[in-house]
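In: Quick one, what's the 3D model for this:
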Amino acid sequence: MKKSLMYLWLLVLLGASSWSCKDDDKTPESYKLEDSWLPGWTSQKVLDIAKGQRPDPSVYLDQKYIVYHLGEFANGAAYLVTKKALDDYGRDTLGYPDNTQFVMPKSEMDALLAKTNKDISKIEKELGIPAGSWTGKEMVKIEIQDPKALRLRMPSGNEMGANSLWLPGGQLPTGYPEAVINKIPKGKYTETPL
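Out: Residues are numbered from 1 along each chain as shown. The predicted structure is shown next:
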């Protein structure tokens, strides 16, 4: 009972702009993925399971880590896409046919764009995108103000957008946080050219 009340309390805090509590002498800022695996689980054990059969992250990750991780998206989410993809597939609903879209916290995206000065080759390196994939392409930033309204969740690795570089735990190979939301209807996102 006490544990479930703690989780409820953490969920309530997701609406707050900052964390100001301690839990078991461990502040939320110190939650690290390497300390959050449930007994018997490792990143490699999840990766050894075939895509499409991987369990929900709540099976192998501590709930406090999941709550804290998703709290990083409280001020919005964002991702980059080629303008051509938007032109080809339309703008009425964005995302993959399996009703998913990978995103990162808007604040992290803004910091990344400032750090790289919007240089595509540097952006590719920061995000772990194979070099040259976006060279010469017009890129667009998609921002989602309220990702929680689109079922913000930890990626399971079963999503269409999960490739061979996907890692369990909600982090890109380069360390940036990521999550998944449902497809994004028109009016729920803004599009900004880089």
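
In: Quick one: the strands in the protein, in order.
Out: 77-82, 93-94, 101-105, 139-144, 179-181, 184-185, 190-193 (DSSP state E).

In: Those: which one's closest to residue 173?
Out: Nearest to residue 173, of all these, is strand 101-105, at 13.1 Å by Cβ to Cβ. For every residue, glycine as well, the C-beta is placed using N, CA and C.

In: Could you pull up the mean pLDDT of the closest one?
Out: Computed over strand 101-105, the mean pLDDT rounds to 97.

In: Convert that strand to PDB, retaining C-alpha atoms only.
Out: This file holds the C-alpha atoms of strand 101-105, laid out as PDB (Å, rounded to 0.1, in the frame of the first residue of the first chain):
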ATOM      1  CA  GLN A 101       6.100   8.100 -33.200                       C
ATOM      2  CA  PHE A 102       9.400   8.400 -31.400                       C
ATOM      3  CA  VAL A 103      10.100  11.700 -29.700                       C
ATOM      4  CA  MET A 104      12.600  13.400 -27.400                       C
ATOM      5  CA  PRO A 105      11.900  16.200 -24.800                       C
END
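
In: who's in contact with that strand?
Out: 72-73, 75-79, 94-95, 144, 147, 155, 159, 161-162, 172, 176-184 (Cβ atoms under 8 Å, 6 or more residues apart in numbering).

In: Kindly recompute the last result at 6 Å.
Out: For strand 101-105, the surrounding residues in contact (Cβ atoms under 6 Å, 6 or more residues apart in numbering) are 72, 73, 77, 79, 95, 161, 176, 177, 178, 179, 180, 181.

In: Check those and tell me the two furthest apart.
Out: 72 and 95 (20.1 Å).

In: the more surrounded of those two?
Out: residue 95 (23 against 18; other Cβ atoms under 10 Å).

In: contacting residues for the more buried one?
Out: Residue 95 neighbours (Cβ under 6 Å, 6+ apart): 101, 183, 184.

In: what about 10 Å?
Out: 79, 89, 101-103, 142, 150, 159-161, 180-185 (Cβ atoms under 10 Å, 6 or more residues apart in numbering).

In: Can you tell me which of the residues you listed is closest to residue 50?
Out: residue 159 (13.9 Å).

In: residues near that closest one, how many?
Out: 20.

In: Next one: it relative to residue 124, how far apart?
Out: Separation of residue 159 from residue 124 (Cβ to Cβ, to the nearest Å) stands at 21 Å.

In: how does the protein divide up, domain by domain?
Out: Using automatic domain parsing, the domain ranges for the chain come out as 2-71, 77-193.

In: For those domains, state which one has the densest average packing.
Out: domain 77-193 (a mean of 16; mean count of other Cβ atoms under 10 Å).

In: Is it correct that residue 33 is in contact with residue 61?
Out: Yes - counting by Cβ atoms under 10 Å, residue 33 does reach residue 61; the two are 8.0 Å apart.

In: what touches both of those two?
Out: 69, 168, 169, 170.

In: which of those residues sit farthest apart?
Out: Applying Cβ to Cβ across the shared contacts of residue 33 and residue 61, the maximum distance is between 69 and 168, 11.9 Å.
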